[in-house]
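1. When you get a sec, could you give me coordinates for this:
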Amino acid sequence: MRGRRLGGKTGGSEESERYKRILMKQIKALNNHLPQRRASLKQLTKNPEIKLKTRKGEEFTINKEEIKEISEIIPERYWETLKLPIYIEINRKHAKGTYKISGKYACKVVAELLDKEIDENKEELFIYRPEVIELRRKLKTTTEYMFAARI
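-> The predicted structure is shown next:
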């Protein structure tokens, strides 16, 4: 009878799928503050008045000074590639107090602002709580927390 549950189902896969769906729904709710679509740095430099909509339907505005600061870090030919806001990923799979930045140009911006040395082609950057505080102080509207989970 090992591996069997009441009702003759094996392995608990149906229950496991149910928990995954519930978890994904909760994570989606935690990320309702994020924009439905991010804007490229190029779009924002051309029109800094762009208002993005959050997944909740609220307006999301990005500060012009932050756009200017980021545009001075990233060469213009890559402005279309960098999407804003930059996501600061919170994930339980990372050690406590560890956050992840993804994307070559997002990593470049964050490393520059935090005065960190990184490989120019690096696609991921891990930062720690004190650095996140400093980053959020410098880029209040062009960075956002994003919750993620490995399922």
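
2. How many residues are close by Gln26?
-> Here the number of neighbours of Gln26 (other CB atoms under 10 Å) works out to 12. For the C-beta atoms, the positions are set from N, CA and C on the backbone; glycine is no exception.

3. pLDDT averaged over the strand or helix carrying it - what is it?
-> If you go by DSSP states H and E, Gln26 is part of helix 13-30. For helix 13-30, mean pLDDT is 87.

4. Just say helix, strand or coil for the residue nearest the centre of the chain.
-> Note on the chain: the residue nearest the mean C-alpha position is Tyr87, at 2.4 Å, using CA atoms, centre = their mean. Reducing the assignment at Tyr87 to three states with DSSP: H, G, I helix; E, B strand; the rest coil gives strand.

5. so which strand or helix has the nearest residue to it once chain neighbours are set aside?
-> What sits nearest to Tyr87 in space, not counting adjacent residues and going by CB to CB, 6 or more residues apart in numbering, is Met146, at 4.0 Å. Using DSSP H and E, Met146 sits within strand 143-148.

6. now the helices: where do they sit in the protein?
-> Remark: helices assigned in the chain by DSSP state H are 13-30, 41-46, 64-73, 104-113, 129-138.

7. Output the worst-scoring helix or strand of the chain on mean pLDDT as CSV, nothing but the C-alphas.
-> Taking mean pLDDT, DSSP states H and E as the measure, the chain has helix 13-30 as its least confident helix or strand, at a mean of 87. Written as CSV, here are the backbone C-alpha positions of helix 13-30 (Å, rounded to 0.1, in the frame of the first residue of the first chain):
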residue,chain,number,x,y,z
SER,A,13,0.5,14.2,-7.6
GLU,A,14,-3.0,15.7,-7.8
GLU,A,15,-2.5,17.3,-4.3
SER,A,16,0.9,18.4,-5.3
GLU,A,17,-0.4,20.1,-8.4
ARG,A,18,-3.1,21.8,-6.3
TYR,A,19,-0.4,23.2,-3.9
LYS,A,20,1.6,24.5,-6.9
ARG,A,21,-1.4,26.3,-8.3
ILE,A,22,-2.2,27.9,-4.9
LEU,A,23,1.5,29.0,-4.5
MET,A,24,1.6,30.4,-8.0
LYS,A,25,-1.6,32.4,-7.3
GLN,A,26,-0.2,33.8,-4.1
ILE,A,27,3.1,34.8,-5.9
LYS,A,28,1.1,36.5,-8.6
ALA,A,29,-0.9,38.4,-6.0
LEU,A,30,2.4,39.5,-4.3
